[in-house]
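Asks: with the sequence up front, the predicted model follows.
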Amino acid sequence: MVTCVDAFANTLLSAGIEKVLFSWDVRNPSRPVTKIPVNYGAVLKMSASATSGPIGENGIVAVSSMKGLCIVRLQDQSVVKMIQIPGREKAAYHDLQWTPSGLWGAADDGMIDRFEVRSA
């Protein structure tokens, strides 16, 4: 079951309870460009930001699950567990947004957290 979608340029992303992040080229959506396992639990929310590279293989994606927050780089399909705020290591983020000042997350406890994330 898909729980969230996001898009940039011609790339569409989807994820859900299967713990897999799919990237799609919207010009040819017959099959995903990539399937990236995100083994931190069912995906609640994600937020994508464009980087350079081919459609479906570029971008950086923040992925929130019930087990915390991770970052996925589409180019090399790496999944990196985020360094969490002390005392909030397992915060679940129900909304995520990229801004020029970093990644912002709305946590399940009503707090808003900011993370500095680098794409490389």
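Replies: The structure has been received and is ready for your questions.
Asks: wait, residue 2 touches residue 16, no?
Replies: Yes: assessed by C-beta atoms under 8 Å, residue 2 is found in contact with residue 16 at 4.3 Å. Just so you know, the C-beta spots here come from the backbone N, C-alpha and C atoms, and that holds for glycine as well.
Asks: the more surrounded of these two?
Replies: residue 16 (17 against 11; other C-beta atoms under 10 Å).
Asks: so what's the more buried one scoring on pLDDT?
Replies: What the model reports for residue 16 is a pLDDT of 94.
Asks: for residue 81, same thing?
Replies: pLDDT, residue 81: 79.
Asks: nearest spatial neighbour of it, skipping sequence neighbours?
Replies: In this structure, residue 81 finds its nearest non-sequential neighbour in residue 70, 5.1 Å apart by C-beta to C-beta, 6 or more residues apart in numbering.
Asks: which strand residues bridge the one you found?
Replies: For residue 70, the beta-bridge partners under DSSP bridges are residue 63, residue 81.
Asks: would you map the strands across the chain?
Replies: Taking DSSP state E as the test, the strands found in the chain are 2-8, 11-16, 20-25, 34-37, 43-49, 60-65, 68-73, 78-81, 93-99, 102-107, 112-115.
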